Structures are given as C-alpha cells and as structure tokens.
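# I need the structure of the sequence given here:
(2 chains)
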Amino acid sequence: MKHVHEQDEVTVRKIPAMRFVAMGWLVLVIVVAATAAWEWRMRSLGLRAGDLDDSKWHWAVERRRLESGDHDGVVIVGSSRILFDTDLDVWEEMTGRRPLQLALVGTNPRPVLLRLAEESDFSGLVVVGVTPDLYFMDRFSYLPQYGEILDFWRQESPSERVGHRIGLFLSRYIAFLDEAYRLAPLIERVDIPDRTGVRRPYLEVWKLAETSADRQHRLWPRLETDLRLRDHARIAWGPFDGSGPAPKSVESAIADSRRAVETIRARGGDVVFVRAPSAGLYYENEQHFAPRAKTWDPLLAETGAFGIHFEDYPAMQNLEVPEWSHLSRDSATRFTRAYVGVLRERYEELRSGPVAHPVP
Amino acid sequence: MVFNSLTFLVFFAVLLVLHRLPFSWTTKKVNLLIASYVFYAAWNPPFILLLWASTIVDWFIARGIYASRDKSRATRRSWLVISVAVNIGFIGFFKYGEFLLQNWQALMASFGIIWVAPEWDIVLPVGISFYTFVTLSYTLDVYLGRLKPIDSFLNYALFVTYFPHLVAGPIVRPTQLVPQFETPKQATRDQMLWGLGLMVLGLFEKVVVADAGLANVADRVFSASGPVGFADAWLGTLAFSGQIFCDFAGYSTIAVGASLCLGFALPDNFRMPYAAIGFSDFWRRWHISLSTWLRDYLYIPLGGNRGSEARTYVNLMLTMLLGGLWHGANWTFVVWGGLHGLYLAAERWIRAKTGVAGDPAGTWNRLALALLTYLLVNITWVFFRAENFGAAARMLAGMFGFAGAAPAVLPTIYMIKAGVIVAGVVTVQWLMRKRELEDVVSRTPWWVTGLVCAAMLFAVIIAQGSGEAFIYFQF
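This next block holds a predicted model:
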C-alpha cells in the first residue's frame, strides 16, 4: 500500500507534557468556586431554584398532552397576559379542572387557535387571551425562538426531550439557569448610547416571569418591588406604541377567529375570549391604536363567542399592573377568581361534568 | 444528539464508564457501536435505516471489488458504480431533490413550459453528506488498490458509525481509524484529561464564541431587508467568519477530545485557517478532511495537475464548484465554491508567472498577505451565509461602499462585541500559525493552562448554551 499523505496513515495524537493531575484539580476548584459564587450572586438578584424557564420544549410537552387526551377539557391560548394573569391552582380549585396552559409570550394566539380547531379533535373549552396589538397583527411572533413552534411539538427529537427533562431537573436546584440571565444578554444589557435608528438591546424585554410546572407563569416578584426594573419594563413596551393593526388585519383576524369558533363548536366545544387588564401608557396606546370598538366588539359580534373584558366587571377593577401589561401575583389570583367565576356561571360543566355548549 | 447538550453530557458519562469496565475488547466495541447508533437515532430514529443501508452496501461492494481484482476493469467499475449510485442517490434524493425540481421548473419555464414542482416535504437526514463520504472513501480506496477490505464487520461498522465523527466529521479514512479498533485501547490518564481539555475548548468555541458572541450579530445583518451600510456589512460578515469557524472547529475539537477520552485518535480538521497566506494554504487549514477528500477522490481522478495547464485549471474549478455544492442545495454555495476555485486558479497563475513558491519573506509582507487572504475569504462567506443572491448583493454593495445612506443595523454593543471577538480570533490564529496547541501547552506553566481552562469552562457554564445545532449539521 502506498502512503502518500497523512490521510493514509493511522492517526496518532500528541499529548502535551504537563502536570495534568494538578491542572485538573486547579480547574475543578476554580470552576466549583466560581460557579458557587455566580449562583449566590444570581440568587441575590432574585433568581430562585425551581423557576423552570419557559421554552419551546416546555410548550411542546403541554401541546402533546392535548394530543394524547391527557387534559381536563380546558385549554388556554393567548399571549403573555393570559399566561401571567391566570392562576391555574385557582382554576382547579374553582372548577375541579386544571387547564392546559398553551399561551405563549410575545405571540399571536390565532394560529394556535386555528390549529387547535383544524388539526386536533379537541372538543372542550378554549379560553383565548386577547392582547389587541398581538391578536390582530398579521404575523405569529416577533420572537425568533418561537418561529417554528407550531410544528415543533411533533418534530422534537428524542435527544431534545431527554435534554429538556434533565434541564428541568437541574432548574429545580440551580437558580442561575435562567434564559434572561445568560452571559450574552447580560453583556448586551450594558446601557451605552446607540446609533441613530437602532433600538438598543438595553431596551429589550428583560426577565418578567417565573415559571413552574405545567407552565404556570407569575410576574417576577422583583418587578413588584424594584422600581428600576419596573420602569425598565414599562420603557421596553415602547415598540407597542407604534401604529395599531391595519383594518385588513383586523378583518382577517376576525375571519380566522370565526372559522375556529365554528369548527370547535361543531365538535361540541366552545371558545371564550378574555381581555386581561393593561394600564398606564400601554393601555392608552391600546385605546388609541386598537380601540375596543374596532377590535374587541366586532370580534365578539362576528364570531358569536362569549367574551370577558376586564372593563365590564367590577371585580376586575383596581387590579395592580406594575409594568402596565401584566398583573402582580396577588392581582393575577384575583383576576382569575373573577373571570373563572364568570365562566362558572355560564358553563354548568365547569361546576361538574364534561364541557359542552354554553348554557342558553 | 448534539455535543453542546445536557443529553450528550449524560450519554458521554455513561459511555466512559462502560468503556472502562472490564469487558472484552469485542464487547467494548459493540458498546461503542450501539452507543453510536443511539447517538444518531436520538435525532430522528427512522433515518438510522439510511445509515445501515449505506454501511451494508459498501461493506459488500468493497468485498465484491476486491474479489474481482483479477477480473476486468469493467467488472470492478460496475461494482463501484453501484456504490456511488446508492450513496450519491441518498444524498441526491434527500439533499438535492427539491433543488433539482426547482431548477427543472425554472428551466421549463425558460422554454415557456409551465410546470409546477410538487411539494417537497423531505427532512434532510443529519450528517448524510459526511457518512456517505466516509463509506465512499472506503469503497474507493479498495477500488483504487490502496486498501484491502476490512476483515471484521464490527470494525468496519464502527469505523463508519463512530459517533464523534459521524454527523459532522472529520471525514476519516479507513487507514486512519480502523487499525485503532484492532487492538484493545483505553485512554491513559493524561489522554483522558487532555481529551476533556479539548472538549472544554471546543465547547467554549461553540457555546461562548459562536453562539453567545457572534451568531446574533451575523443574523441581524444578514436578515436585514434593506440596504446595509459599509460598517454593518463588514462587521456582519466578519462576525459570520468567526461564527462559522468557532462553530465548526469547535465541533471538530470536541470530536477529537471525546474520541481521545475513549482512547482513539482522530485527525485535526482545522489548523488556524484565518492565518493562511494564500488560498492553497487556506485549504490546507480549513476543513482539512473535506479538502483532502476532494483532492484524493475528485481532483486527482480528474487528472489533477498531470495534464495541461488549462486542464489543471478546469480540474481545480470543477473540484471547488462540486465542493461548494456539497455544502448545500443552493446556487449560492456553488458561487462560494466557484470563488474559491477562482482564487486558487489566480494564485496558481501568479505563482507560475512570478516563480514565487511558499511564503514571502518578511513578517509584514506575510501579515499583509494573510490579511488580504482573510478579507477575500470573507467575500466568499457572504455567498455562504446569504439566503439568496439578493441578500448577497445587498451585503456586497455595502462592503464595497455602494449602499448609499443605508440605515444603521447593528447596535453599538454588537459592533464592539463582534470587533473584539473577531480581532481576538484572528490574532490568536496568527500567533499560532506555525505552532501546535500541544506544543504551546507543553511550554506554558501548568497553572496558567489551568486558569485558562477554568475560565473557559466557567464561561460555558454561565453562557448556558441552549443546545443550538452546529451549522455544519445542515450539510
């Protein structure tokens, strides 16, 4: 056999001459000490073990529960408001049913609702959280990490499923495992002047919520107490003060919604729209760019669906919305009690038995 | 399964323990083979059938070729054709099917024939371009008389499937790896610790530098829908140059390290490519296992430089164009390969005219030529990264100052981040140009190496990679 190149010969690797064992111990000691110090620092910033982070993997687990029938006949879809503002424990306590939480931060729930209607056999109650600037827009999300999530739950590899479980296990004991406190976002949050026309990464949305099992989200406690973080979050909603949805987008949103409602009702289920509170400048912008009369009211009128708007119920007033878009933890519990109370009155099945058509 | 995942961490720990238990050598190899199949199936189980098919087909064909070594060349060639047809058929169907249909549709349309290609909803099996090249090299080596068929099916299957190189290389040759499977191997303590050190280095390159440091800079610039200004275009491209190097070299370094922990040596796939002086030097340093594969199984069989000067240039261009197409089913990759072919041809012509061989004299001359090479390589990265020619044209217009008053794209912090990291990557490569990592480490005090290693590992931990796939998985 001719040996012309190194590719024709058995590979041999050089090993450096050094004190490997001493180096190994040094690395171990430094890494353990530095990681412990980092964990301490992150806990002092308000992160805690048991905050599981949300992700496409976490969502996929819940989505597959829907497909396999492992649910109590109630599904919540929506954006971050219905996600943060719904207390699943209260739901369960009041109705005996624990909803599947499929709402997703920063997304338009319409595509999720449509797929629920057209690609599943779900015949229970769908609670749709409506955040006007997201529900009536003509795209799914501005967040790249959720770009392909609608199909991901089917395509998730065995390796990703196992990795997700290991990640959840570690998150129960380690606080610094938090998407919002990774190295890259921490570096990018440096507050330095920026170029004209470029939105500073400093103004991106920072950590807003804590997540526990079955995707129960609650507003991060620091946002209720730390004024700097609260004010930052308010400023971060800046992009939403732009132009509202175009009339054509509203029309197509309503048409999609009608199709979904009809399909789900034809199977014996129902759809309810819920508009959770907002406040401050965010609420004013919503009033200006996506007023109720041009969005919410026609949505209910044309779909024939029942809707709960926080403005219509005394029990949903005077709730605390620290950063203008999501309720404080106590207020989320109160809001859940209020809107589930309304639903219980309307749906006998939420008092007992399977969910079906609304009581006339 | 990707190296930068918690799943791999557990998988590898279990495998290391298994490999050190007192089993027979055959049992250990069977463990490794099963583990490699698990590693592959953990991504998409059904596609393991393709891997098995490619493995089995080339096992029998190589034996068929060898058995007919005394028969006519046509007989041996017909065996080879079957192997090439099966392997290239797999890649053709899964990787280029849609591309071929779309181009056929465009061709028909140019003749006024309206034909709409059917929906092509086929998932690309990860690593198919890599393992088919591995099995093909085995059959080709037997056909070319460089190799006898491997006696043991277990050794052969492990050579094809061995998980460190399976999905993104290095594209190993039988001669490099199979003899290592023949006798019992277990990593020494130093090999194990050095292997772990290499894995930390590779993870640092991938998780910290490529993903956390540069990916969003390149993504933001290359996804801009409008014109891109000079600074943004260059920084976006430089960021991608750093990202793709650290992503791919990181993968290869982890592969080498993981293999070393098990007691097996894999070849280097990168040797400081951004310190290359000229393009033939670049291709001796970048994705070495692919460039040598193309040299040995395409360029040389085409005639290499043994024919006329014109024929040599044609061979060079053909090799690089096909090398470009190997990377992806898009004409932008062909242009990427074509540009490299042109660079190599131009370098060859200049060297022939000037009679200059090797590196120029003088550090500044070498540095200037290395920087020129790096800048020209960056032009090619535009085509590699851009989604289409429109996006590439926008980037090139910006890089050559034709974008006019384009709006700013990158935030200041991204510009600082990309500038610092890319300068660091290029400087380190220049300083390491003629050195090997092992020699540098040998000459460095152990505690300095320890501090650097600890810093890298800590950075990996707090960067908390989200298991982003390696770029070369898509090829």
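
# Tell me the secondary structure at A:His18.
You called it His, but residue A:18 is Met. coil (DSSP: H, G, I helix; E, B strand; the rest coil).

# how close does the residue nearest to it when sequence neighbours are not counted sit to A:Leu26?
Of all residues not flanking A:Met18 in the chain, B:Trp446 sits nearest, at 4.9 Å (CB to CB, 6 or more residues apart in numbering or on different chains). Using the backbone N, CA and C atoms, a C-beta is placed for each residue, glycine as well. Separation of B:Trp446 from A:Leu26 (CB to CB, to the nearest Å) stands at 8 Å.

# With B:Leu451 instead?
7 Å.

# Looking at the two, which is more packed in?
A:Leu26 (18 against 15; other CB atoms under 10 Å in any protein chain shown).

# Just list the residues touching that one, thanks.
Applying CB atoms under 8 Å, 6 or more residues apart in numbering or on different chains to A:Leu26 gives the contacts B:Trp446, B:Trp447, B:Gly450, B:Leu451, B:Ala454.

# Narrow the residues you listed to those that are buried.
The neighbour count (16 or more other CB atoms under 10 Å in any protein chain shown) marks B:Trp446, B:Gly450, B:Ala454 as buried among the contacts of A:Leu26.

# now, among the residues you listed, which is nearest to B:Thr132?
B:Ala454 (40.1 Å; CB to CB).

# re earlier: what's near enough to touch the residue nearest to A:Met18?
Contacts of B:Trp446 (CB under 8 Å, 6+ apart): A:Met18, A:Arg19, A:Ala22, A:Met23, A:Leu26.

# Equivalent analysis for B:Ala255, please.
B:Phe3, B:Pro164, B:His165, B:Ala168, B:Gly169, B:Pro170, B:Gly202, B:Leu266.

# A:Ile192 against B:Ile413, yeah?
Yes: here A:Ile192 reaches B:Ile413: they are 6.3 Å apart, a contact under CB atoms under 8 Å.

# Find residues that contact each of these two.
Contacts common to A:Ile192 and B:Ile413, judged by CB under 8 Å, 6+ apart, are A:Arg200, A:Tyr202.

# and the two? which has more neighbours close in?
Taking other CB under 10 Å, A:Ile192 and B:Ile413 do not tie; B:Ile413 has more neighbours (19 against 11).

# now the more buried one: how far from chain A?
5 Å (CB to the nearest CB, to the nearest Å).

# who are the neighbours in contact with the spatially most central residue of chain B?
In chain B, the residue lying closest to the centroid (CA atoms, centre = their mean) is B:His287, at 4.9 Å. Contact analysis of B:His287 by CB under 8 Å, 6+ apart lists B:Gly169, B:Phe248, B:Asn269, B:Phe270.

# Which pLDDT value belongs to it?
What the model reports for B:His287 is a pLDDT of 94.

# burial measure for the residue lying closest to B:Val116 once chain neighbours are set aside, as a count.
The spatially closest residue to B:Val116, leaving aside those adjacent along the chain, is B:Gln105, at 6.6 Å (CB to CB, 6+ apart). By the criterion of other CB under 10 Å, B:Gln105 has 16 neighbours.

# what do you get for the one 3 residues further on?
The local packing count at B:Met108 equals 14, with neighbours defined by other CB under 10 Å.

# Regarding A:Leu26, which helix or strand does it belong to?
helix A:20-44 (DSSP states H and E).

# Mind listing what's buried along that helix?
A:Phe20, A:Met23, A:Gly24, A:Leu26, A:Val27, A:Ile30, A:Val31, A:Ala34, A:Thr35, A:Trp38, A:Glu39, A:Met42.

# isn't the fifth one right up against B:Val452?
No: with contact defined as CB under 8 Å, A:Val27 does not count as touching B:Val452 (9.4 Å).

# hang on, the earlier thing: I'd like the buried ones among the contacts of A:Leu26 laid out as JSON lines, including secondary structure.
As requested, the buried ones among the contacts of A:Leu26 are exported to JSON lines (three-state DSSP):
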{"residue": "B:Trp446", "secondary structure": "helix"}
{"residue": "B:Gly450", "secondary structure": "helix"}
{"residue": "B:Ala454", "secondary structure": "helix"}
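
# re earlier: please convert the contacts of B:Ala255 to CSV, extending it with distance to B:Ile48 and neighbour count.
Below are these laid out as CSV (distance: CB to CB, whole Å; neighbours: other CB atoms under 10 Å in any protein chain shown):
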residue, distance to B:Ile48, neighbour count
B:Phe3, 19, 28
B:Pro164, 17, 26
B:His165, 17, 31
B:Ala168, 17, 27
B:Gly169, 19, 28
B:Pro170, 21, 29
B:Gly202, 25, 25
B:Leu266, 22, 24
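
# In helices only, show me those.
B:Pro164, B:His165, B:Gly202 (DSSP state H).

# nearest to A:Pro132, of those?
B:Gly202 (47.2 Å).

# Return the residues of the stretch 1-150 of chain A in contact with chain B.
Applying CB under 8 Å from any CB of the partner chain, we find that the stretch 1-150 of chain A lies next to chain B at A:1-2, A:5-24, A:26-27, A:30-31, A:34-35, A:38, A:55.

# Same question for the stretch 151-300 of chain A.
Checking the stretch 151-300 of chain A against chain B by CB under 8 Å from any CB, the hits are A:157-160, A:162-163, A:166-167, A:170, A:176-179, A:182-184, A:187-188, A:190, A:192-202.

# returning to that earlier point: just the ones in helices among the contacts of B:Ala255 that are near chain A?
Okay, of the ones in helices among the contacts of B:Ala255, nothing touches chain A (CB under 8 Å from any CB).

# And what about A:Ile76, helix, strand or coil?
Going by three-state DSSP: A:Ile76 is strand.

# List the contacts of it.
A:Ile82, A:Leu83, A:Thr86, A:Pro99, A:Leu100, A:Gln101, A:Leu102, A:Ala103, A:Val126, A:Val127, A:Val128, A:Gly129.

# what's the farthest-apart pair in those residues?
Checking the contacts of A:Ile76 with CB to CB, the most distant pair is A:Leu83 and A:Val126, at 14.6 Å.

# So B:Ala210 is in contact with B:Gly250, correct?
Yes: assessed by CB under 8 Å, B:Ala210 is found in contact with B:Gly250 at 6.3 Å.

# more crowded one of the two?
Shown here are B:Ala210 and B:Gly250; by other CB under 10 Å, B:Ala210 has more neighbours (29 against 26).

# buried residues in the strand or helix carrying the residue nearest to B:Val116?
Using DSSP H and E, B:Gln105 sits in helix B:73-110. Within helix B:73-110, the residues that count as buried by 16+ other CB under 10 Å are B:76, B:79-80, B:82-84, B:86-87, B:90-91, B:94-99, B:101, B:105.

# again with stretch A:49-59
Buried residues in stretch A:49-59 (16+ other CB under 10 Å): A:Ala49, A:Asp51, A:Leu52, A:Asp53, A:Asp54, A:Ser55, A:Lys56, A:Trp57, A:His58, A:Trp59.

# Need the distance between the two termini of it.
For stretch A:49-59, the first-to-last residue distance is 20 Å (CA to CA, to the nearest Å).
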